[in-house]
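S.K.: make a model of this:
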Amino acid sequence: MDNQQFQRSYGVFVNAGNKPYEILGVSPDASPKEIKTAYRKAALANHPDKNPDDPGAGARFQDINMANEILSNPDTRSAYDNHLNPKPPEPQPPMPEPQTASTEPQQPDSSEPEAASDGPQTPPPREEASSSPPPQRPGHGET
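M.R.: Prediction:
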């Protein structure tokens with residue numbers, strides 16, 4: 001179950017501040033057997049039929065059932081744990097630092113021949129166009 005599915009199913013319950021581990025009175029590393037035992041004990045103690053004079057018993061019983069639903073299923077329990085402690089994003093590789101002009105003269109790379117530095121570089125001369133006229137298209141010759 002991914003985080004979006006968990007939010008759709010249990011988001012209202014969890015976002016209201018309900019904490020399933022605290023509701024059942026178990027630690028986050030409790031075994032499934034410990035969760036089941038804690039659920040049964042809490043459900044019996046807070047069942048509305050056993051507490052007819054307690055108006056909050058019904059709401060507590062519903063919270064206990066929801067907490068058990070989340071923690072008794074390995075998929076929803078894992079999704080809840082990930083909801084509590086989302087995994088940090090994977091670190092990005094460091095960006096190379098921009099090169100800045102330094103005040104020290106740079107040594108030329110010994111693998112490349114040195115270029116003359118007597119001023120601005122001039123581009124190589126362009127090839128001369130041929131002196132013959134361009135070819136005539138059919139039907140556009142001299143009249």
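S.K.: only C-alpha atoms for contact and neighbour calcs from this point on.
M.R.: Will do.
S.K.: now Glu22: how far from Asn46?
M.R.: 15 Å (CA to CA, to the nearest Å).
S.K.: looking at those two, which is more packed in?
M.R.: Just comparing Glu22 and Asn46: by other CA atoms under 10 Å the higher neighbour count belongs to Asn46, 19 against 12.
S.K.: pLDDT score for that one?
M.R.: Per-residue confidence (pLDDT) for Asn46: 92.
S.K.: what does Gln107 give?
M.R.: Listed pLDDT for Gln107 reads 62.
S.K.: following the helix or strand where Glu69 lies, which helix or strand shows up next?
M.R.: Using DSSP states H and E, Glu69 sits in helix 57-72. Remark: after helix 57-72, the chain's next helix or strand is helix 74-84, criterion DSSP H and E.
S.K.: buried ones in that following helix, by neighbour count?
M.R.: Thr76, Arg77, Ser78, Ala79, Tyr80, His83 (16 or more other CA atoms under 10 Å).
S.K.: now it against helix 57-72, angle please.
M.R.: Taking axes from the mean of the first three to the mean of the last three CA atoms, to 10 degrees, one finds that helix 74-84 is oriented at 100 degrees with respect to helix 57-72.
S.K.: with just CA atoms, put helix 74-84 into CSV.
M.R.: The C-alpha coordinates for helix 74-84 follow below in CSV (Å, rounded to 0.1, in the frame of the first residue of the first chain):
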residue,chain,number,x,y,z
PRO,A,74,1.5,-5.8,7.6
ASP,A,75,0.9,-3.6,4.5
THR,A,76,-1.1,-0.9,6.3
ARG,A,77,1.2,-1.0,9.3
SER,A,78,4.2,-0.4,7.0
ALA,A,79,2.4,2.4,5.2
TYR,A,80,1.5,4.0,8.6
ASP,A,81,5.2,3.7,9.7
ASN,A,82,6.3,5.3,6.4
HIS,A,83,3.7,8.0,6.9
LEU,A,84,5.1,8.8,10.3
